[in-house]
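Q: my questions concern the predicted model and sequence given below.
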Amino acid sequence: GARASWSRGLPVLLLDLRRPGQLCIFADDLLLADDTTLGLFRFLASLARSAPFVLVATYRDDELQRGHPLRPLIAELARRDDVSSLTLHPLGTLDAERLLAQAGERDPIQGAERERIVGLAEGNPLFLEELARSAGSEAALPATVAEAVLRRLAALDEDGRRLVTYAAIGGQQVGFDLLE
């Protein structure tokens, strides 16, 4: 089938490239990968020691739930001595402000608007850039940020979504007693 076809053809293609250090295969957000894609990634990882390419992938560990099909692959890769892992933390206030200063497509955002954007983004570079891009518009939230939040909400069960709704009504910080 198709799986056998790519498993025969892909190694030949990669080995034919023969440009060590010049090929990087990048998989963005493996949390969204289906079983076939995870199988392909596992297969590529098995070739990585001897093939002329670097394999790079991203995933959000804060969204990696118990039982997710990516978990066994991460555990398998963590045992290998040729695999490195890098955890990215949210940007601090100074780094967020630096990024905001560089991201401006128009006049730099200053004062209260800058503080508001840095506070809302909570260190997330995508949110910082999108909030900066939409600064001054009528939209309460840029579509890209809203979509990212909706995708996270969709992954919750009904009780989880109800809890998030109550928390949202409660404001930025909600005490546990309110949610009980």
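A: Arrived safely. Values in this document were obtained by computation on a predicted structure and should not be read as measured data.

Q: pull out the buried residues from stretch 108-127.
A: 109, 114, 117-118, 121, 123-125, 127 (16 or more other C-beta atoms under 10 Å). In this view, the C-beta of every residue, glycine as well, is placed from N, C-alpha and C.

Q: could you give the mean pLDDT of that stretch?
A: Averaged over stretch 108-127, pLDDT sits at 84.

Q: returning to that earlier point: let me know the closest of the buried residues of stretch 108-127 to Asp35.
A: Nearest to Asp35 among the buried residues of stretch 108-127 is Asn124, at 28.8 Å by C-beta to C-beta.

Q: residue ranges with poor pLDDT in this protein?
A: The chain contains residues with pLDDT under 70 at 1-22, 103-107, 136-140, 171-172, 174, 178-180.

Q: would you map the strands across it?
A: Using DSSP state E, the strands of the chain run over residues 24-27, 54-57.

Q: the ones you listed into CSV, with extra columns for mean neighbour count?
A: Below are those laid out as CSV (neighbours: other C-beta atoms under 10 Å):
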stretch, mean neighbour count
strand 24-27, 12
strand 54-57, 15
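
Q: which one of those lies closest to Gly175?
A: Of all the strands of the chain, it is strand 54-57 that lies closest to Gly175, at 38.2 Å by C-beta to C-beta.
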